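[1] the amino acid sequence is not available; the structure is as follows:
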């Protein structure tokens, strides 16, 4: 069966147990239609980049599933009809990544993979000086003033 990853955002005024109950509800929808949830993660309440239905925050949840396309379509249909679910994203993947998702990793663990980012990590650089350039306000003794005739 094909492998899918789903992320959905629920309303911010739900409790944590209600949001995790939505994960269980949609997992049973997949199971009833011949699929199974391999792994699920509740990411918690996060601030969104823009308002959705007058909400600035939302409960994020992540599901990894192994299900036929009909089961995924039924789950998405029910998610879109559910009044507590604001957004749904489903992606078909070749294989599931091992371990926890990037959202669940500690910040220190994620920063180790970034490598050198190019000089902004505490390294001080000298600001360029424009005093020695005549076109940038340096010593104007060698240039005529506006009222003086040109030679």
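    Sure, I can see it. Note that the structure is a prediction, hence the values are computed from the model and not measured.
[2] the closest residue to residue 19 other than its chain neighbours sits in which helix or strand?
    Distances taken as C-beta to C-beta, 6 or more residues apart in numbering put residue 59 closest to residue 19, at 3.8 Å, once the chain neighbours are dropped. For every residue, glycine as well, the C-beta is placed using N, CA and C. Under the criterion of DSSP states H and E, residue 59 resides in strand 55-66.
[3] now the strands for this structure?
    Taking DSSP state E as the test, the strands found in the chain are 3-11, 36-52, 55-66, 85-93.
[4] by contact count, what packs against the biggest helix by length in the chain?
    The single longest helix within the chain, with elements called by DSSP state H, is helix 16-32. If contacts are counted by 3 or more C-beta pairs under 8 Å, 6 or more residues apart in numbering; DSSP states H and E, helix 16-32 sits against strand 3-11, strand 36-52, strand 55-66, helix 69-81.
[5] how about 7 Å then?
    With contacts defined as 3 or more C-beta pairs under 7 Å, 6 or more residues apart in numbering; DSSP states H and E, helix 16-32 has these neighbours: strand 36-52, strand 55-66, helix 69-81.
[6] nearest to residue 22, out of the ones you listed?
    Residue 22 lies closest to strand 55-66 among the helices and strands packed on helix 16-32, at 6.9 Å (C-beta to C-beta).
[7] and the closest one, which strands flank it?
    strand 3-11 (antiparallel), strand 36-52 (antiparallel) (DSSP bridges).
[8] ranking those strands by mean neighbour count, which comes first?
    Most buried of these by mean neighbour count (mean count of other C-beta atoms under 10 Å) is strand 3-11; its value is a mean of 21.
[9] centre of the chain versus it, how much separation?
    Offset of strand 3-11 from its chain centre (C-alpha atoms, centre = their mean, to the nearest Å): 13 Å.
[10] per-residue confidence averaged over that strand?
    On average, the pLDDT along strand 3-11 is 93.
[11] the inter-axis angle of that strand versus strand 85-93?
    170 degrees (axes from the mean of the first three to the mean of the last three C-alpha atoms, to 10 degrees).
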